[in-house]
Structures are given as structure tokens and as C-alpha cells.
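Participant: Would you be able to build a 3D model of this:
(chains A and B)
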Amino acid sequence: MSSNIKMTNEEYSDYVDSKAKKSPIFKNFVLAFIVGGIICVIGQVICNISMYFGLDEKSAATVTSIVLIFLGAFLTAINVYWRIGKFAGAGSAVPITGFSNSIVAPAIEFKLDGYILGLGANMFKVAGPVLVYGVATSVGVGFIYWIIKMFFM
Amino acid sequence: MDMILEYICVFITGGIICLIGQFLIDKTKLTAARILVIFVVMGVILTAIGVYEPIVKFGKAGATVPISGFGYLLANGVKEAVDEMGFLGIFVGGVKACSAGIAAAITFGFLASLCSKPTIK
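Facilitator: Predicted coordinates for the structure are as follows:
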């Protein structure tokens, strides 16, 4: 018993690792693949239906993301999305429904802190960084493209 | 038959992109938020260097529905806007291209969180 108490940090983390349940990595991969694939197929179905009703490709893609964002928010609000996320992992986090979920989940969680600094501020806890880095990178890309176009084209 | 083939391509492409995300979560202990940021940034860069476009041609919604498709929209939008407006396009293009997604996410996100109560998990 006394030897256990004298464990170093490394020994302790090894000990914890040996006791912790090994996460079934292969199963996680298969589930992420299947769930992610299914969400994308649902997106393609929405896209095909909108094109069937006469929308062009670009508008159909826009309609698809709007509908999927709605579904993600709705499923989060009725407490279903995190159940999917529990077994699907990245399969439900990476599609745009997961982006929507990442907006709604913290907003609900911090609702009690008030509507402005609770709900309003926490909506962008995860979506904020995504927008910051996404938009910043796109501005960088645009700047490089503008220079290349000016001097080499 | 074409339709079935199309859906198979969509399924495989979307599945693989999510699989990469799961791989990063399991192997590098990155949090989901970091994965989302990495995917968007990669989407922008891969589109800019012309790698993502063929993936979208092959996988359609399989490549545009994952969050990297958001980066694809940003990069394509900024490129089109620079062609159209020159320097100003650098700042206009990206957000303009995904404005519908952002507005929808804010609106539906706001309504959804208004309508539900916090629960203890």
C-alpha cells in the first residue's frame, strides 16, 4: 500500500492507463464512417430534391446547408443529438449538423446566466473560433490570390 | 443506377472525412472544437491549391456537408469576389459566400436554445 502512495506522476499515469477501459478504436472508426456517411447522404437527398424543384446547383447546396443546420439545432434542442454524438464521435461532429449542435448546446447550457451574456455570448463558444480561423484564412487566401493575379496574370 | 452510384460516392467521401476526424480525436487527443477549426482551415487551403474541387466533383454532398465544405465555400467565394471586385473582394467574398449558413446557424441556434431548458447530464 505504501509503495502505491510513493508513485511518481509517470508511474501513476501508467497505472491509470492500465486500469482505464481501452476505448474500442476500431469500432469508433466504423461508427464515425457510417454515421458521417449517412448524414452526407441525407444532405445529397435534400440537394437532389431541391434541384428536382428547379433550383440551380448553388442554390440547392445553400438550401441543403440551411436544412441540415435546422435539423442539427432541432435535434440538439430535443436532446437527441448528444445521444448520436456519444456513439458516433466525429461522425456527428464533423458534418455541418455538428457545427449547429456546437452552437445550440453551450447556448442552452449557459441560458441560466442570462439572455445576453449567457445564451448570446456562449452560442459562439465553438462556432466562434471556427469562424475566426475560417474567415481569417479565406482573407489570407484572397490576398495571395489578388497578388498573384496582379503580378503574374 | 446512376443515382445509387452517386449516393455511394457521397457516402464514402463523407465517411472518410469523418473517419479522419475520428482518427485525430482518438490518436492525438484533440478536442472536437480544435478538429472543427482544423477542418475549416484545411478546407480553405485545400480549395485554394485546387485539391478540394476534384473531391467535391466526386463526392458532392459528401465533401460539402462536412465542415471542410464550409472552408470550400469560403475559399471559392473569396476567389470569385476578387475576380469581380479586385482588392475589396478579399474582405467581401468569404463571408458573403457562406452568409446563408451563418444566418441560418444563428437564427435556428437562437430559436432552439430559447425553446429548450438546460438539463443536468
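Participant: From here on, just use CA atoms for contacts and neighbour counts.
Facilitator: Noted.
Participant: hey, which helix is longest across chain B?
Facilitator: The single longest helix within chain B, with elements called by DSSP state H, is helix B:2-28.
Participant: got the buried residues for the following helix or strand past it?
Facilitator: Following helix B:2-28 in sequence order, the next helix or strand is helix B:32-48 (DSSP states H and E). For helix B:32-48, burial by neighbour count (16 or more other CA atoms under 10 Å in any protein chain shown) applies to B:32-33, B:35-48.
Participant: Could you list which of the residues you listed also contact chain A?
Facilitator: Subset of those in contact with chain A: B:32-33, B:35-37, B:40-41, B:44-45, B:48, counting by CA under 8 Å from any CA of the partner chain.
Participant: so where's chain A shaky on pLDDT?
Facilitator: A:1-5, A:20-23 (pLDDT under 70).
Participant: so where do the helices sit in it?
Facilitator: A:2-5, A:9-19, A:25-52, A:57-77, A:81-88, A:90-93, A:96-109, A:121-122, A:124-152.
Participant: can I get those in a markdown table with distance to residue B:67?
Facilitator: Converted to a markdown table, these look like this (distance: least, CA to CA, whole Å):
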| stretch | distance to residue B:67 |
| --- | --- |
| helix A:2-5 | 46 |
| helix A:9-19 | 32 |
| helix A:25-52 | 11 |
| helix A:57-77 | 10 |
| helix A:81-88 | 16 |
| helix A:90-93 | 9 |
| helix A:96-109 | 5 |
| helix A:121-122 | 20 |
| helix A:124-152 | 9 |
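Participant: can you tell me which of the ones you listed comes nearest to residue B:53?
Facilitator: Closest to residue B:53 of those is helix A:57-77 (CA to CA; 14.2 Å).
Participant: Which secondary structure elements does that closest one sit against?
Facilitator: With contacts defined as 3 or more CA pairs under 8 Å, 6 or more residues apart in numbering or on different chains; DSSP states H and E, helix A:57-77 has these neighbours: helix A:25-52, helix A:81-88, helix A:96-109, helix B:99-115.
Participant: Please identify the deepest-packed of the ones you listed.
Facilitator: Most buried of those, by mean neighbour count (mean count of other CA atoms under 10 Å in any protein chain shown): helix A:96-109, with a mean of 27.
Participant: How about that helix and chain B, touching?
Facilitator: Yes. Using CA under 8 Å from any CA, helix A:96-109 reaches chain B at A:96, A:99-100, A:103-105, A:107-109.
Participant: if we can go back for a sec, could I get the helices and strands packed on helix A:57-77 in JSON lines, plus columns for distance to residue A:11?
Facilitator: As requested, the helices and strands packed on helix A:57-77 are arranged in JSON lines below (distance: least, CA to CA, whole Å):
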{"stretch": "helix A:25-52", "distance to residue A:11": "24"}
{"stretch": "helix A:81-88", "distance to residue A:11": "30"}
{"stretch": "helix A:96-109", "distance to residue A:11": "36"}
{"stretch": "helix B:99-115", "distance to residue A:11": "44"}
